[in-house]
Every structure is written in structure tokens, then in C-alpha cells.
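Trainee: I'd like to go over a predicted model; first the sequence, then the structure.
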Amino acid sequence: MGRAFSLIPAFLLVSALAVSGQEALRGDVWVDLEPVYARYVDEPQPQDAAQKRAAAQRSALEEAAMLYSAMIYGWSFNYEIGEKARGIAEQFELTPLGTVSFGDPGLRATDAEIQEARLHLWTDYHLTDAQKRRMRMWRSGTVRNIQALGKGPLGGPVEAEDRLAIRTAALEDAARAGIRAMLRGMERNRPREARGYIALAEFPVYWVDAGYRMVSARFRVELAEIQPFAAY
């Protein structure tokens with residue numbers, strides 16, 4: 001069973017009661033640890049174990065910042081769906097519309113716990129007035145909700161600096177798959193190209209399967225333009 005203990009700097013650690021009444025997004029992320037450190041959290045540990053915990057904590061906060069960026073700002077997308085029979089390659093481009101940076105004052109860690117071989121970090125992000133307006137836009141009646149799976153390759157032991165890139169790639173692949181499925185369901189004849197905007201609706205779920213980092217994610221999509229093949 002996991003044991004809770006302080007892994008968070010005092011300036012980041014806040015109680016849920018302290019922020020009651022404020023509009024905030026919430027989510028949790030996890031980072032793998034070496035099992036020995038999770039198993040003996042109450043015993044003296046070598047300095048490198050403490051350093052690894054600190055690195056895992058930073059990695060979790062960086063991932064949370066990436067996910068809040070995807071929820072608040074999202075991306076614009078340009079998707080050329082492709083057609084093998086016509087020799088047209090699939091192309092999918094995402095452009096971030098804004099970012100929440102590591103160290104953003106709105107990003108706060110509320111709790112941390114080691115469960116088995118993972119550090120779990122719970123976070124809040126407290127929205128500015130401008131960000132609240134963006135969230136209202138993403139929740140408007142013209143936005144479609146989609147769910148999709150994505151994957152990112154795992155080519156061996158994952159270094160700390162590779163972890164966020166792999167998870168981001170899996171999330172972007174899920175966005176592509178979700179838009180593709182949505183367009184297939186909307187159009188009688190598959191369109192050639194679509195443009196619009198997409199944002200993450202909530203923190204996704206990650207796991208590993210058959211050498212890939214998998215993710216299940218829910219998105220909000222605003223279509224701006226659809227080009228049928230007949231237009232070319």
C-alpha cells in the first residue's frame with residue numbers, strides 16, 4: 001500500500017481548503033520510480049534516491065503544465081487526411097495556441113504519494129480571467145466532444161528528458177485519431193482536408209502496451225473549414 005509523505009516544496013504545497021471558491025482545473029499525474037525506493041520510503045536512503053525523487057517531482061509538474069496548456073489553450077490543427085488510392089499522404093499538424101510554463105504561479109501541487117513503484121502528484125491550476133473566458137469558449141455549444149486512443153514509441157529505457165516528449169507525442173496522436181474518426185462520422189464522402197481547433201477536455205490516462213506508450217484522451221473540437229476532394 002502507498003505511503004504519503006512530503007515531496008513538495010512548501011511554496012508549492014497548498015491545501016484544497018485554502019483555494020475553495022476559486023475556479024481551478026484539477027488533475028493528477030504519475031511518474032515511475034525504482035521499486036526499492038517506493039518499498040522503503042521510511043528508511044534512510046542514499047542521496048541519489050532523494051535526487052531521483054526530486055527529478056520525478058519536477059517531471060510530474062512539467063507534465064501537468066503540458067496538460068493544462070492543452071486544456072486551456074489547445075492547438076490549431078491542419079489535417080490532410082490522405083488517400084492511398086490517389087497517392088495522397090496523410091499529414092497532421094498541430095500548433096499550440098498558448099502554454100502554461102513550469103513555475104507558473106497558477107500551477108500548484110496539492111498532494112503527493114508513492115504507490116507501489118510510482119510517484120503520484122495531484123495538482124490544481126488556478127485560472128486568470130482571460131483563461132476563464134477561454135475555458136467558456138471550449139465548453140460552448142458549437143464545440144464537439146470526442147474520445148480517442150493514441151500511442152508514442154518506446155525504444156528502450158526512457159530517460160527523464162524523453163518522458164514528456166513521448167507522452168506529448170502519444171497525446172497528439174490521439175488528437176489526430178479522434179479528428180479522423182469524427183470526420184468519418186460527419187461526412188458522407190471522406191473530406192480531403194480539415195482545419196480547426198482542438199483542446200484536451202481532462203487529464204488523460206496513460207499506460208504501456210506492446211512497446212508503446214498508450215493514452216486514452218477526451219478532446220473538444222471546433223471545426224473551422226472542411227475541404228472535400230471535389231474542391232481540388
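Mentor: Nice, I can see it. Numbering: from 1, shown residues only.

Trainee: now do the contacts for P96.
Mentor: P96 is in contact with 69, 73-75, counting by CB atoms under 8 Å, 6 or more residues apart in numbering. For glycine as for every other residue, the C-beta is placed from the backbone atoms N, C-alpha and C.

Trainee: tell me the spacing between it and G74.
Mentor: 8 Å (CB to CB, to the nearest Å).

Trainee: where along the protein do the strands fall?
Mentor: Remark: strands assigned in the chain by DSSP state E are 3-4, 24-32, 75-80, 91-96, 107-115, 118-126, 144-153, 193-200, 205-209, 212-227.

Trainee: tell me what the second one is packed against?
Mentor: Translated: strand 24-32. helix 47-72, strand 118-126 (3 or more CB pairs under 8 Å, 6 or more residues apart in numbering; DSSP states H and E).

Trainee: and the shortest one, what does it pack onto?
Mentor: Of the remaining helices and strands, those touching strand 118-126 by 3+ CB pairs under 8 Å, 6+ apart are strand 24-32, helix 47-72, strand 107-115.

Trainee: nearest to A181, of these?
Mentor: helix 47-72 (18.7 Å; CB to CB).

Trainee: which positions in that closest one come out as buried?
Mentor: 49, 52-53, 56-57, 59-72 (16 or more other CB atoms under 10 Å).

Trainee: that one - contacts with which helices or strands?
Mentor: strand 24-32, helix 35-39, strand 107-115, strand 118-126, helix 129-138, helix 160-186, strand 193-200.

Trainee: tell me which of the ones you listed lies nearest to R144.
Mentor: Closest among the helices and strands packed on helix 47-72, using CB to CB: helix 160-186, at 6.4 Å.

Trainee: how far off centre is stretch 92-103?
Mentor: 11 Å (CA atoms, centre = their mean, to the nearest Å).

Trainee: got the CA coordinates for that stretch in PDB?
Mentor: In PDB, the C-alpha atoms belonging to stretch 92-103 read as follows (Å, rounded to 0.1, in the frame of the first residue of the first chain):
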ATOM      1  CA  PHE A  92      -1.400  16.200 -39.500                       C
ATOM      2  CA  GLU A  93      -0.100  19.500 -38.000                       C
ATOM      3  CA  LEU A  94      -0.800  20.900 -34.500                       C
ATOM      4  CA  THR A  95       0.200  24.400 -33.500                       C
ATOM      5  CA  PRO A  96       0.000  25.300 -29.800                       C
ATOM      6  CA  LEU A  97      -2.100  28.400 -29.100                       C
ATOM      7  CA  GLY A  98      -0.500  29.100 -25.700                       C
ATOM      8  CA  THR A  99       1.400  27.500 -22.900                       C
ATOM      9  CA  VAL A 100       1.400  27.100 -19.100                       C
ATOM     10  CA  SER A 101       5.100  27.100 -18.200                       C
ATOM     11  CA  PHE A 102       6.800  25.200 -15.400                       C
ATOM     12  CA  GLY A 103       6.800  27.500 -12.400                       C
END
